[in-house]
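Peer 1: no sequence on hand, only this structure:
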């Protein structure tokens with residue numbers, strides 16, 4: 001049985017609201033400033049996934065991030081970061097006042113664990129966009145055994161290409 005120290009799970013944003021969840025857009029006006037927040041209420045499916053990670057011994061934090069902050073494309077995705085409970089306990093004395101996971105370091109505009117949009121200040125957003133942080137920057141080194149074990153073989157890659165080619169051919173009729 002494999003139990004990594006931590007994991008990153010990514011999926012479509014619709015997963016959050018499946019079976020009873022909601023997505024609401026709330027507009028707030030304060031003087032001349034208007035802000036819009038998107039609030040996600042977890043559905044049964046997403047709560048079941050979070051509970052499953054918890055029962056496997058992980059503390060989780062989740063956020064919805066739009067790719068428009070990284071590439072010229074509008075695509076919301078839900079990300080879940082999990083860390084094994086025993087790892088948290090080992091570091092609890094040193095990190096009593098630290099957040100379990102700071103999504104603001106990943107993306108300046110995101111949704112927090114409660115599903116509410118969080119936007120850090122404009123300077124941080126501009127600085128973040130210039131820094132060009134990528135997912136690769138927070139993952140294991142390319143040469144690690146775990147990365148090597150998860151890479152597709154040439155035969156697997158060929159099969160993926162064949163399936164893609166077959167699917168496109170089918171779509172064209």
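Peer 2: Good, I have the coordinates. Fair warning: this is a prediction, and the values are worked out from it, not measured in the lab.

Peer 1: if I look at the residue nearest the centre of the chain, how far off is residue 4?
Peer 2: By CA atoms, centre = their mean, the chain has its centre lying nearest to residue 79, at 1.7 Å. Using CB to CB, to the nearest Å, residue 79 is found at 16 Å from residue 4. Where C-beta positions appear, they are placed from N, C-alpha and C, glycine not excepted.

Peer 1: and what of residue 13?
Peer 2: From residue 13 to residue 4 the distance is 24 Å (CB to CB).

Peer 1: of these two, give the one with the bigger neighbour count.
Peer 2: When neighbours are counted by other CB atoms under 10 Å, residue 13 and residue 4 differ, and residue 13 comes out ahead with 17 against 13.

Peer 1: what residues of stretch 59-77 count as buried?
Peer 2: 59, 60, 61, 62, 63, 64, 65, 66, 70, 76 (16 or more other CB atoms under 10 Å).

Peer 1: you'd agree the first one is in a strand?
Peer 2: Spelled out, it's residue 59. Yes - assessed by DSSP: H, G, I helix; E, B strand; the rest coil, residue 59 belongs to a strand.

Peer 1: that one against residue 81, yeah?
Peer 2: No - counting by CB atoms under 8 Å, residue 59 does not reach residue 81; the two are 9.3 Å apart.

Peer 1: show me what the helix or strand where residue 23 lies is packed up against.
Peer 2: Using DSSP states H and E, the element containing residue 23 is strand 22-30. Strand 22-30 is packed against strand 33-41, with contacts defined by 3 or more CB pairs under 8 Å, 6 or more residues apart in numbering; DSSP states H and E.
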